[in-house]
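[1] Okay, predicted coordinates and the sequence, questions at the end:
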2 protein chains.
Amino acid sequence: MKKLIRDPQTVVADTLAGMAQAHGDLLRVETGPDHIVRRDAPVSGKVGIVSGGGSGHEPLHGGFVGLGMLDAAVPGPVFTSPTPDPVLAATKAVDGGAGVLHVVKNYTGDVLNFETAADLAGAEGIEVETVVVDDDVAVKDSLYTAGRRGVAGTVLVEKIAGAAAERGDDLAAVAAVARKVNAQVRSMGIALAAPVVPHAGTPSFDLGDDEVEIGIGIHGEPGRERIPLEPVDSLVRRLVEPVLDDLPFTSEDDVLLFVNGMGATPLAELYIVFDAAASVLRERSITISRSLVGSFVTSLDMAGCSVTVLRLDDELKALWDAPVVTPALRWGR
Amino acid sequence: MKKLIRDPQTVVADTLAGMAQAHGDLLRVETGPDHIVRRDAPVSGKVGIVSGGGSGHEPLHGGFVGLGMLDAAVPGPVFTSPTPDPVLAATKAVDGGAGVLHVVKNYTGDVLNFETAADLAGAEGIEVETVVVDDDVAVKDSLYTAGRRGVAGTVLVEKIAGAAAERGDDLAAVAAVARKVNAQVRSMGIALAAPVVPHAGTPSFDLGDDEVEIGIGIHGEPGRERIPLEPVDSLVRRLVEPVLDDLPFTSEDDVLLFVNGMGATPLAELYIVFDAAASVLRERSITISRSLVGSFVTSLDMAGCSVTVLRLDDELKALWDAPVVTPALRWGR
């Protein structure tokens, strides 16, 4: 295992230390229990938004803490849900009196631990709403998950809900727009090479020199099928068609197309995937009016990518375009 | 070789097609000869800034085209200088009547071909100034280079010169501030695994399972030494101390610390490197007042990173903080 780390046991703490050093203008890192909060939290009168989950998906979630997105992120151990304690601490830290939204990816541990934290926060008088993200069309009832997994669509839920909270929407409205995004977003991924979890030290699964895994999860959970490597257009079609067929997206749709890198895939390849995915959307007369290309929901050093499509309307476009100032996503202001 | 590509021969064109699809709001891709220009180019009365070089370093340079940074980027074949033709075409495309600055990384082919293009542009009545970036302290007179190589510091030169041009500085002033940044910036990198050039199909060099290369170039050119893998603090010290000793940076200095990923290294590891580098700067009482963490000057799918330190003053801070709206670097507006 070759990684730029100190010790497999301190990877999360060391990453947080680096984030605190690099982004002290945007966020604070609190310890005991660990959570990352917006520097000016709590913002009085604003709905707070908390997300989190296992580490190893950076910049998700800590890189999305800041104006117009998350008020706090709760990083668990690598690929392991945070316990209720830090989720509760983060919820209290961002409560500005208007309630708190929990954005939770659909993994059994995350759902349970955020639910416990929400109950505990409720007992302390903080109103909490929860939105569970489950955008991955690849498989149902996978390892760690009942139902569908929450993957890259989570970034879009967090950005858009964050903008709604920032403009002053109340808790019910922020939760409603987050649920609307989840209802209209679909994703699917591919792995070219397995990640190496630091405390394991070896690849999470075996993939032959000419094999790829279609429908991979962001923890290396099994996908739909393992097939020989193909040129990018064929591979991307295997991701995009199930995504489009699932909602389904139609020729009336105006969408955001998001190509996400899994950690070890260079940006140039993501642009080639974007071009290939855009061709499939064009065949179906779907309009791409917003785009996002980069490594935002990763799986340690896994090679591969995912394709996410979000159906837009005027409200979602305005919220997407609204200012966001976080380490990993930033425009306006 | 496992890559998300169509064909090794079309990698650059396919990447540009994806960039055009994803970022049509910011830039245009022109073909025959290939160059990427700011969507509103030429901006009348503004100094134009053109950079470029071999492809394979994405987002450098095309990802930095937009308001407040580059007016055009000229992508050569992978790891190969563009010919004078596209450099000339880009220079003409961005000439708003106030002259054009060429920002050139110090590689023999790039320097020669930009010089030829500058001469040709001059013959057509366009005033061109050239700034050669050579921030890599690792080695002198390396493969492809006489003198030092231009590496990640190029991003800082382009951002700061771009801001100077955007605020209306004339050509001499924009060139002067670009030279000042180059004079005050130093970098050094490390490789954990070699890149695979698409048309070669195999790793560019051999590195053992427990070896790293200190002082690597961004085309996999040899560095200073090949050593066994060490914990991150020791490795980072081997990068940061030569960087600090070279200028030298002193305890009076206020700096921008930039940790750059080489393509296949996850963001979490870059934050750990940032933390380790910040410790070395603290030992020397150097103040870190600006930061940048991410994969901005890559080497295809090479694993590793580089550390760049720029000495700041009030002028450079103001120019760094000024709005920038490009695919890869964006804040303000």
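    Structure's in. What do you need? Note that this is a predicted model, so its numbers are computed, not measured.
[2] can we go C-alpha only for contacts and neighbour counts from here?
    Noted.
[3] What strand or helix carries residue A:307?
    When secondary structure is defined by DSSP states H and E, residue A:307 falls within strand A:303-311.
[4] Pretty sure residue A:211 sits against residue A:228.
    Yes: if you go by C-alpha atoms under 8 Å, residue A:211 and residue A:228 touch, sitting 4.4 Å apart.
[5] okay, those two: which has more neighbours?
    More crowded of residue A:211 and residue A:228, by other C-alpha atoms under 10 Å in any protein chain shown: residue A:211, with 17 against 11.
[6] any idea of the pLDDT on the more buried one?
    What the model reports as pLDDT for residue A:211 is 97.
[7] Contact partners for residue A:187?
    When contacts are counted by C-alpha atoms under 8 Å, 6 or more residues apart in numbering or on different chains, residue A:187 is found next to A:135-138, A:151-153, A:243, A:306-309.
[8] Any chance of CSV for these, columns distance to chain B?
    Listed next are these as CSV, based on distance: C-alpha to the nearest C-alpha, whole Å:
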residue, distance to chain B
A:135, 22
A:136, 21
A:137, 21
A:138, 19
A:151, 17
A:152, 16
A:153, 18
A:243, 19
A:306, 12
A:307, 13
A:308, 14
A:309, 13
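[9] Can you tell me which residue of chain A sits closest to chain B?
    Here the residue of chain A nearest chain B is residue A:264; by C-alpha to the nearest C-alpha that distance is 3.8 Å.
[10] Give me the neighbour count for the residue nearest to that residue when sequence neighbours are not counted.
    Spatial nearest neighbour of residue A:264, chain neighbours left out: residue B:264 (3.8 Å); criterion: C-alpha to C-alpha, 6 or more residues apart in numbering or on different chains. The local packing count at residue B:264 equals 28, with neighbours defined by other C-alpha under 10 Å.
[11] Cross-check the contact I'm expecting between residue B:264 and residue A:267.
    No: assessed by C-alpha under 8 Å, residue B:264 is found out of contact with residue A:267, at 9.7 Å.
[12] Break down chain A into its helices, ranges please.
    Residue ranges of the helices in chain A, as given by DSSP state H, are A:11-22, A:84-94, A:108-123, A:153-166, A:171-184, A:232-246, A:267-283, A:314-321.
[13] Let's see if you can find the most crowded of the contacts of residue A:187.
    Looking at the contacts of residue A:187 with neighbours defined as other C-alpha under 10 Å, the largest count falls to residue A:152 at 35 neighbours.
[14] And chain A, split by domain according to the record?
    Following automatic domain parsing, one finds the domains of chain A at A:10-183, A:185-324+A:327-331.
[15] Next to chain B, which bits of the stretch 201-333 of chain A? Give me the list.
    Taking C-alpha under 8 Å from any C-alpha of the partner chain as the criterion, the neighbours of chain B within the stretch 201-333 of chain A are A:209-210, A:229, A:231-233, A:263-276, A:278, A:290-293, A:300-301, A:325, A:330-333.
[16] Filter the residues you listed down to the buried ones.
    Buried positions within these, assessed by neighbour count (16 or more other C-alpha atoms under 10 Å in any protein chain shown), are A:229, A:232-233, A:263-276, A:278, A:290-293, A:300-301, A:325, A:330-331.
[17] Look up the pLDDT of the residue nearest to residue A:264 for me, please.
    At residue B:264 the predicted local confidence, pLDDT, stands at 96.
[18] Could you dump the contacts of residue A:187 into JSON lines and include pLDDT?
    Formatted as JSON lines, the contacts of residue A:187 follow (pLDDT from 0 to 100):
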{"residue": "A:135", "pLDDT": "98"}
{"residue": "A:136", "pLDDT": "97"}
{"residue": "A:137", "pLDDT": "97"}
{"residue": "A:138", "pLDDT": "96"}
{"residue": "A:151", "pLDDT": "98"}
{"residue": "A:152", "pLDDT": "98"}
{"residue": "A:153", "pLDDT": "98"}
{"residue": "A:243", "pLDDT": "98"}
{"residue": "A:306", "pLDDT": "98"}
{"residue": "A:307", "pLDDT": "98"}
{"residue": "A:308", "pLDDT": "98"}
{"residue": "A:309", "pLDDT": "98"}
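[19] If anything else comes up later, I'll come back, but that's it for now.
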